[in-house]
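Q: this one's sequence-less:
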């Protein structure tokens, strides 16, 4: 099951934006954050793919969801204007945003290229 982030859990697990001006990842493994809304049809198409990815990359990456309706401040911080928006957060370096309902192959490529994590086939 994918974990939903609130402002408080985001600060604890991803980035404490109230204490740090510069990006400083707080997590202990790379992660992917899905900015979504319940009414969004493309978001519903991405949801089962994310569940599959969570199983495939078990223990190697974390996958979180942020409800943009409920967590407008978080969505605003990352300039989320269209959903789904997916934030790929590597252990080192800056996070990268992708927009739209990506096919599973695109997720695999971004996880490999941005997060530097590969799944064993």
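A: Looks like it came in fine. The structure presented is a predicted model; accordingly, all values stated were derived computationally and were not measured.

Q: would you map the helices across the chain?
A: Using DSSP state H, the helices of the chain run over 7-13, 41-56, 72-77, 104-113.

Q: give me the distance between the two termini of stretch 90-98.
A: End-to-end distance of stretch 90-98 (C-alpha to C-alpha, to the nearest Å): 14 Å.

Q: which residue is the nearest non-sequential neighbour of the most centrally placed residue in the chain?
A: By C-alpha atoms, centre = their mean, the chain has its centre lying nearest to residue 33, at 1.2 Å. Spatially, and ignoring its direct neighbours in sequence, residue 33 is nearest to residue 87 (4.2 Å; C-beta to C-beta, 6 or more residues apart in numbering). Where you see a C-beta, it was placed from the backbone N, CA and C, and this is true even at glycine.

Q: give me the neighbour count for that neighbour.
A: As a burial measure, residue 87 scores 19 neighbours (other C-beta atoms under 10 Å).

Q: try residue 77
A: 13.

Q: quick one on the thing from earlier: go through the helices of the chain and name the closest to residue 22.
A: Comparison of the helices of the chain against residue 22 by C-beta to C-beta identifies helix 72-77 as nearest, at 14.0 Å.

Q: what mean pLDDT would you report for stretch 77-90?
A: Averaging pLDDT along stretch 77-90 yields 95.

Q: list the buried residues of it.
A: Residues of stretch 77-90 classed as buried: 78, 80, 83-90 (neighbour count, 16 or more other C-beta atoms under 10 Å).

Q: quick revisit: check contacts around the residue nearest to the centre of the chain.
A: Residues near residue 33 by C-beta atoms under 8 Å, 6 or more residues apart in numbering: 5, 14, 63-66, 86-87, 89.

Q: residue 38 now?
A: Taking C-beta under 8 Å, 6+ apart, we find residue 38 in contact with 67, 69.
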